[in-house]
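**Student:** next comes the sequence, and after it the predicted model I'd like to discuss.
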Amino acid sequence: MANRRSFLKKSLLLSFTAILPFKFIRAATREISDSNFLSPASGPMVISTWSHGLAANEAAAAVLAENGKALDAVEKGVMVPEADPNVTSVGLGGLPDADGNVTLDACIMAPNGKAGSVTYLQHILHPISVARMVMEKTPHVILSGEGALKFALDNGFEKTSLLTENAKAQWEKWKASGARYAPQANWENHDTIGLIAIDNVGDIAGACTTSGMAFKHPGRVGDSPIIGAGLFVDNKVGAATATGEGEVVLRTLGSFLIVELMRNGMSPQLACEKAITRLAESVHVHKNMQVGYIAINKAGEIGAFALRSGFQYALYQNGENQLLNAGFLLPWE
Ligand code: SD4
């Protein structure tokens, strides 16, 4: 009954807003958005995907401890796995595409709603910083491939070899096996980093960076650099970020969906669960498919959920940094 009443209230407001000028529309929609009534988080927080998120959280938290901004914190945070050769799914040391080239996707989103992204970028150690520069120095949101590389080089970034001996050996083994590309998203400690931070003034920013799926088709771009798919931030509501098989995150626009569900009053946990169930209902779920989401709302409540078991996330709060297991929808077959 209560649901029906709030649905009617929303419908009435929405049909009414169709004839109102913009200023009034904003006031009306604010009225029906429960999450706007949450009081802001007390103290800084950082949440990120997988166990490599622990070190990333530490770096982000160090920025926040100096009263730094959420935007600086998320960039500094994800730069840690980007530079770590032992993380084989992000930046340096990332597993290459089918041709043996390491190609990187990254995006960043600021509390003011601005966003920057690079896709299919090669030879640059910190794609997240190039994405930030796209946001801050250009009128664009996404730069891709050769154009993104040219932009980076023109702006002082240097070319680096990103293919480590280990990644090269894994690629050679894969090639020698004659295997065709098949998505395998749940390799322990081998996945995208998505990181969200809330700073001391309660502002929210997010960053997401990856080398994408190992041995992917050359030219392939995943969900991670696509605003609304791999990451979405709305400073009034909250933020969400994704890891796992990018194609299905792209087709269901998971991070945007989660933030919209939170805008309509859903908790981050329920919103992550809803996004996973929606995905499982709307795509063909194959036996190696994994997708994980994390989310946070303006009040600092968090959510995490995955399609399958094994998804872990790192949470930094009240000076404590811990690795947690997310709930999941389906067992591995
Ligand atoms: C992609 N979502 O490129 C990324 C890869 C990933 O766990 O997150 N793997 O599709």
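**Tutor:** Alright, I've got the coordinates. The model shown is predicted, which means the values in this text are computed figures rather than measured ones.
**Student:** how close does the residue nearest in space to the middle of the chain get to residue 331?
**Tutor:** The chain has residue 241 as the residue nearest its centroid, 3.0 Å off, counting by C-alpha atoms, centre = their mean. According to C-beta to C-beta, to the nearest Å, residue 241 and residue 331 sit 24 Å apart. All C-beta atoms are positioned from the backbone trio N, CA, C, and that covers glycine.
**Student:** other residues contacting stretch 46-62?
**Tutor:** 44, 64, 73-74, 76-81, 84, 87, 90, 188-189, 191-198, 241, 243, 292, 294, 296, 302, 304, 311-317, 321, 323 (C-beta atoms under 8 Å, 6 or more residues apart in numbering).
**Student:** show me what residue 205 is bridged to.
**Tutor:** Note on residue 205: beta-bridge partners residue 197, judged by DSSP bridges.
**Student:** neighbours around it, how many?
**Tutor:** Here the neighbour count serves as a burial measure; for residue 205 (other C-beta atoms under 10 Å) it reads 26.
**Student:** and the gap between it and the ligand?
**Tutor:** Summarising the geometry, the distance separating residue 205 from the ligand, computed by C-beta to the nearest ligand atom, to the nearest Å, is 20 Å.
**Student:** so that residue is in contact with residue 112, correct?
**Tutor:** No - in terms of C-beta atoms under 8 Å, residue 205 does not count as a neighbour of residue 112; the distance is 9.4 Å.
**Student:** if we can go back for a sec, okay, the closest residue to the residue nearest to the centre of the chain other than its chain neighbours: pLDDT?
**Tutor:** The spatial neighbour of residue 241 that comes closest, neighbours along the chain excluded (C-beta to C-beta, 6 or more residues apart in numbering), is residue 194 at 2.9 Å. At residue 194, the model reports a pLDDT of 98.
**Student:** against the ligand, how distant is the closest residue to residue 213 other than its chain neighbours?
**Tutor:** Take residue 213 and drop its neighbours on the chain: the residue closest to it by C-beta to C-beta, 6+ apart is residue 183, 5.6 Å away. In this structure, residue 183 lies at 8 Å from the ligand, with C-beta to the nearest ligand atom as the measure.
**Student:** what is the burial count for residue 183?
**Tutor:** Residues contacting residue 183 under the criterion other C-beta under 10 Å number 17.
**Student:** confirm it sits in a helix?
**Tutor:** No - secondary structure assignment (DSSP: H, G, I helix; E, B strand; the rest coil) places residue 183 in coil, not in a helix.
**Student:** and it, what does it touch?
**Tutor:** Residue 183 neighbours (C-beta under 8 Å, 6+ apart): 213, 245, 247, 286, 288-289.
**Student:** the strands in the stretch 1-150 of the chain, which residues?
**Tutor:** For the stretch 1-150 of the chain, the strands identified by DSSP state E, counting those that start in this stretch occupy 45-49, 104-109, 115-121, 142-144, in order along the chain.
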